[in-house]
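# I need the structure of the sequence given here:
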Amino acid sequence: MSIVLQVLMVEFLKRFAGTERLNWGQWGGCIAMAAVSWPIGWVVKCIPVPERPIFSYLKWKKRA
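All right, here's what the predicted structure looks like:
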């Protein structure tokens, strides 16, 4: 659904959305970036998050 709405906005709602039509090469670039970003996002979501924040291991000294 997101892809359909994106195409409609870019191609047909020029005045409303302030967009310019894309040529086939630009659409190909958009699709390529999306195809790369989805697996990267999936991998990032699989990285475990520690219960204790990493910066809590650093001891900051307060200046008097």
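# so where's the longest helix in the protein?
In the chain, taking DSSP state H as the definition, the longest helix is helix 24-45.
# so what does that one touch, helix or strand wise?
Helices and strands touching helix 24-45, as assessed by 3 or more Cβ pairs under 8 Å, 6 or more residues apart in numbering; DSSP states H and E, are absent. (Each C-beta comes from the backbone N, C-alpha and C, glycine too.)
# and it, how far from the chain's centre?
Counting by Cα atoms, centre = their mean, to the nearest Å, helix 24-45 is centred 9 Å from the centre of its parent chain.
# which residue is nearest the middle of the chain?
With distances taken as Cα atoms, centre = their mean, S37 lies nearest the centre of the chain, 7.0 Å away.
# gap between it and V43?
11 Å (Cβ to Cβ, to the nearest Å).
# Could I get the pLDDT score of the residue nearest to the centre of the chain?
The confidence metric pLDDT takes the value 92 at S37.
# do you know how far it is from I3?
In terms of Cβ to Cβ, S37 sits 13 Å off from I3.
# Please apply the same query to Q26.
Taking Cβ to Cβ, one finds Q26 at 15 Å from I3.
# Quick check: next helix or strand after the helix or strand harbouring L8?
When elements are assigned from DSSP states H and E, L8 belongs to helix 2-12. Heading C-terminal from helix 2-12, the first helix or strand you meet, by DSSP H and E, is helix 14-17.
# got the CA positions of that following helix in CSV?
Output of helix 14-17 as CSV, limited to C-alpha atoms (Å, rounded to 0.1, in the frame of the first residue of the first chain):
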residue,chain,number,x,y,z
LYS,A,14,2.2,17.3,-8.4
ARG,A,15,0.5,20.5,-7.4
PHE,A,16,-0.8,19.2,-4.0
ALA,A,17,2.4,17.5,-2.9
